[in-house]
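**Student:** Okay, sequence plus prediction incoming.
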Amino acid sequence: MIQDIYPSKLDNSFKDLKPNDNDCIFLFNDEGKIYAGDAEGKMVFLTFHDCKADDESALFSFVYLFSVDQKKYFLIENCSDEACRKPGFKFYSIRELRDSFFEEDNVNIFAAFTAYHLWKWYSDNKFCGKCGAPLVQSRDERALFCPECKNVIYPRINPAVIVGVIKGDCLLLTRYRNGYSHNALVAGFTEIGETLEETVAREVMEETGIKVKNIRYYKSQPWGMAQDILVGFFCEADGDGEIHMDENELKYAKWVKREDIMLQPNNLSLTNEMMGLFKEGKEGEPN
């Protein structure tokens, strides 16, 4: 999965740091596209040295995001699309980046997803939602602070479930009405006041009309593309498993035998790992 970067290790602890020449710099445009280069099929990003070469660099500000092993990653702010231009680089959507470079090691893609999650939070929180004053960045923790009313805003993380519904030797596969075109599992966001298990039961019922039982946790995954923490569960259909699909949400929902399951084209997602486990008959084994 995307976070499986061993032996590398993410350090997301907050530090008030300044970049050095070889540190990685993430540049996003107003559409949320990330500036990256293709070096013979390998994803590369700007360095601080690249940004220093620009005469306007004194106007930029840099926010430390995280480290992977000894490599530090920063977000550049106050930078136009025309600044820090570099041959061989262009702006990619996060989906385009994933689909273009998924065969390399996961470190760069995981870093890009995680950087996008933080960029989106910073981008969406320029002003205090309580009094409207401009927010400033805390120097003590990963937070935004309102100097007027003292409101503190922390990064947003959306909890969502991924559900592998089983009926005998079949798994319930879906495809979304819009967006991702490959096989998926039932998924959805946790609502206010719900447990994760209640989310599982509600989402499966809403999307496919199927009641479930024996809900059991499998594994979780950070998914910065949607600012999510995905939580995977397996469960069984309770009853005959007749499907009544929500056609506004899905264009496909079907019981599929293990041997007939078509996996997604890469191994980055929790969804694909769960489908693969069922295909191999390993869904009952400890994770």
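**Tutor:** Nice, thanks for sending it over.

**Student:** Helices along this structure, start to end?
**Tutor:** Counting by DSSP state H, the chain has helices at residues 48-52, 94-101, 107-124, 196-208, 270-279.

**Student:** and the longest one, which residues are buried?
**Tutor:** Read it as helix 107-124. For helix 107-124, burial by neighbour count (16 or more other CB atoms under 10 Å) applies to 108-122. Every C-beta, even on glycine, is put in place using the N, C-alpha and C of the backbone.

**Student:** just to revisit the earlier point, any idea which of the helices of the chain gets closest to residue 2?
**Tutor:** For those, distance to residue 2 was read as CB to CB. The smallest value, 5.1 Å, belongs to helix 107-124.

**Student:** Quick one: list the elements packing against that closest one.
**Tutor:** Packing partners of helix 107-124 (3 or more CB pairs under 8 Å, 6 or more residues apart in numbering; DSSP states H and E): strand 24-26, strand 34-39, strand 42-44, strand 61-68, strand 71-77, helix 94-101, strand 212-223.

**Student:** which of the ones you listed is buried the deepest?
**Tutor:** Among those, ranked by average contacts under mean count of other CB atoms under 10 Å, first place goes to strand 24-26 (a mean of 22).

**Student:** now residue 118: how far from residue 73?
**Tutor:** Distance from residue 118 to residue 73, counting by CB to CB, to the nearest Å: 10 Å.

**Student:** overlap in contacts of the two?
**Tutor:** residue 65 (CB atoms under 8 Å, 6 or more residues apart in numbering).

**Student:** Where does pLDDT dip in the chain?
**Tutor:** The chain contains residues with pLDDT under 70 at 52-59, 80-84, 102-105, 179-180, 284-287.

**Student:** Can you give me the domain assignment for it?
**Tutor:** 10-124, 125-153, 158-279 (automatic domain parsing).

**Student:** Tabulate the ones you listed (a markdown table), appending distance to residue 1.
**Tutor:** Converted to a markdown table, the domains of the chain look like this (distance: least, CB to CB, whole Å):
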| stretch | distance to residue 1 |
| --- | --- |
| domain 10-124 | 8 |
| domain 125-153 | 24 |
| domain 158-279 | 6 |
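
**Student:** Nearest to residue 2, out of these?
**Tutor:** If you check each of those against residue 2 by CB to CB, domain 158-279 wins as the nearest, at 4.3 Å.

**Student:** how long is the closest one end to end?
**Tutor:** Its start and end residues considered, domain 158-279 measures 29 Å (CA to CA, to the nearest Å).

**Student:** now the strands for the stretch 151-287 of the chain?
**Tutor:** Along the stretch 151-287 of the chain, counting by DSSP state E, counting those that start in this stretch, strands occupy 152-153, 158-167, 170-176, 186-189, 212-223, 228-237, 250-257.

**Student:** strands paired with the first one, and their directions?
**Tutor:** Read it as strand 152-153. strand 144-145 (antiparallel) (DSSP bridges).

**Student:** The closest residue in space to residue 136 that isn't next to it in sequence and residue 264: what is the separation?
**Tutor:** What sits nearest to residue 136 in space, not counting adjacent residues and going by CB to CB, 6 or more residues apart in numbering, is residue 145, at 5.5 Å. Between residue 145 and residue 264 the computed distance is 41 Å (CB to CB).

**Student:** Surely the residue nearest to residue 136 is in contact with residue 152?
**Tutor:** Yes - in this structure, residue 145 is within contact of residue 152 by CB atoms under 8 Å, at 5.6 Å.

**Student:** For these two, list the residues in contact with both.
**Tutor:** Common neighbours of residue 145 and residue 152 (criterion: CB under 8 Å, 6+ apart): residue 138.

**Student:** who's more crowded, these two?
**Tutor:** Neighbour count, other CB atoms under 10 Å: between residue 145 and residue 152, residue 145 has more, with 17 against 12.

**Student:** quick one: contacts for that one?
**Tutor:** 135, 136, 137, 138, 151, 152, 153.
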